[in-house]
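**Student:** when you get a sec, could you give me coordinates for this:
(2 chains, ligands or ions: 1)
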Amino acid sequence: MASLISCPHCGTRPKEEFFIRGDATPVRPALMAAEEVWHDYVHLRANPRGRIREHWQHVAGCRRWLVVERDNFTHEVFGVTDAAKAGEGAR
Amino acid sequence: MAYEYQAVHALDGTIGAIAERRANHLSVHRTTAVAMVLAVPGQTAEAAGILLSSGEFEARFSGPGEWLVLSEVHAPETLAAELSVRLGDFAFVVDQSHGRVVLTLSGPDAARILANGIAVDLHADAFPVGRAANVLCSHLSINLARTGNESFDLVVMRSFAEALVDDLKVMARSHDLSVDFATR
Ligand SMILES: [Zn+2]
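**Tutor:** Presented below is the predicted three-dimensional model:
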């Protein structure tokens, strides 16, 4: 269930301890990238049903940014990684 | 550093002067030396080693490379400076002595009372003596540490102390709880 998230630093916690930022898949374009590329990055989201990757922040716990991979239809959680470890950082 | 102003506890006027201690007791510390320590990236093990090697500090896990450090040995006015000297270039230190309130909940129902507001497994096997964690208690983020089989320390931001005590009273409604300042 997505109502329980296993933080890699704090253990299993209720979703109320977290803030959800949204899709973790878009990659920040280069500073001088074309306007359409920036528009795409800032505004356009695919909103798929199924397996997704999201940025969650453990605000009431370690306050670290995490990447949660879960199914938004079945609520199954596949994995939780520290965003820094996931090689992304919270931008 | 000497403080010129008069120190007023966040809970002055809201608790105290109880007739008798009940089976479960919430003790609010008058003064506590507290500091936040954040290790420099890559220096977590060094900072942890320094904190753990000295019996003068109690380092409570707050996040990766981050601890809430309490001390019974050092005064609130000197703890942060002492930590800065010991930790050197391994960590950043920020005094929290006047920014946090420390409470101790003890008694046979301590874990049950906390379980009414905290969604973390507090069984002694899952949360043993010495373990600490930042957790959500009702709607407040606190640092919880198990200091004994039947006793826990709660560290809360000063301005939330009154709300936390109110919440704990509600959480303990079906248990016998008294609340007072610590005597020493
Ligand atoms: Zn966490």
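
**Student:** count of neighbours near B:Ala23?
**Tutor:** 12 (other Cβ atoms under 10 Å in any protein chain shown). Using the backbone N, CA and C atoms, a C-beta is placed for each residue, glycine as well.

**Student:** surely A:Ser22 meets A:Arg53?
**Tutor:** One thing to correct before we go on: residue A:22 is Gly, not Ser. No: checked against Cβ atoms under 8 Å, the pair A:Gly22 and A:Arg53 is beyond contact range at 10.2 Å.

**Student:** the two: which is more packed in?
**Tutor:** Relative neighbour count places A:Arg53 above the other of A:Gly22 and A:Arg53, with 16 against 11, counting by other Cβ under 10 Å.

**Student:** does the more buried one sit in a helix, a strand or a coil?
**Tutor:** strand (DSSP: H, G, I helix; E, B strand; the rest coil).

**Student:** which strand or helix spans B:Glu46?
**Tutor:** helix B:44-53 (DSSP states H and E).

**Student:** is that helix up against chain A anywhere?
**Tutor:** No: shown here: helix B:44-53 not in contact with chain A (Cβ under 8 Å from any Cβ of the partner chain), separated by at least 11.8 Å.

**Student:** please name every helix or strand in contact with that helix.
**Tutor:** Judged by 3 or more Cβ pairs under 8 Å, 6 or more residues apart in numbering or on different chains; DSSP states H and E, the packing partners of helix B:44-53 are strand B:33-39, strand B:58-63, strand B:66-71, helix B:79-87.

**Student:** which residue does chain B have closest to the ion?
**Tutor:** B:Gly63 (6.8 Å; Cβ to the ion).

**Student:** neighbours around that residue, how many?
**Tutor:** Other residues near B:Gly63 number 18, with proximity taken as other Cβ under 10 Å.

**Student:** all helices for chain A, in order.
**Tutor:** A:35-43 (DSSP state H).

**Student:** contacts only, for residue 82.
**Tutor:** You didn't pick a chain, so chain A it is. Shown in contact with A:Asp82 (Cβ atoms under 8 Å, 6 or more residues apart in numbering or on different chains): A:Pro8, A:His9, A:Arg64, A:Trp65, A:Leu66, A:Val67, B:Pro64.

**Student:** wrong one, chain B
**Tutor:** Neighbouring residues of B:Glu82 by Cβ under 8 Å, 6+ apart: B:Glu56, B:His74.

**Student:** relative to chain A, how far out is it?
**Tutor:** B:Glu82 sits 26 Å away from chain A, going by Cβ to the nearest Cβ, to the nearest Å.

**Student:** where does that residue land on pLDDT?
**Tutor:** B:Glu82 is assigned a predicted lDDT (pLDDT) of 95.

**Student:** now do B:Lys169
**Tutor:** Value listed for B:Lys169 in the pLDDT field: 95.

**Student:** tell me which residues of the one helix or strand it maps to come out buried.
**Tutor:** Using DSSP H and E, B:Lys169 falls within helix B:161-171. Buried residues in helix B:161-171, counted by 16 or more other Cβ atoms under 10 Å in any protein chain shown: B:Ala161, B:Glu162, B:Leu164, B:Val165, B:Asp167, B:Leu168, B:Met171.

**Student:** give the residue farthest from the middle of chain B.
**Tutor:** B:Gly42 (26.5 Å; Cα atoms, centre = their mean).

**Student:** touching, B:Phe152 and B:Arg146? I think so.
**Tutor:** Yes: B:Phe152 is within contact range of B:Arg146, at 5.6 Å (criterion: Cβ under 8 Å).
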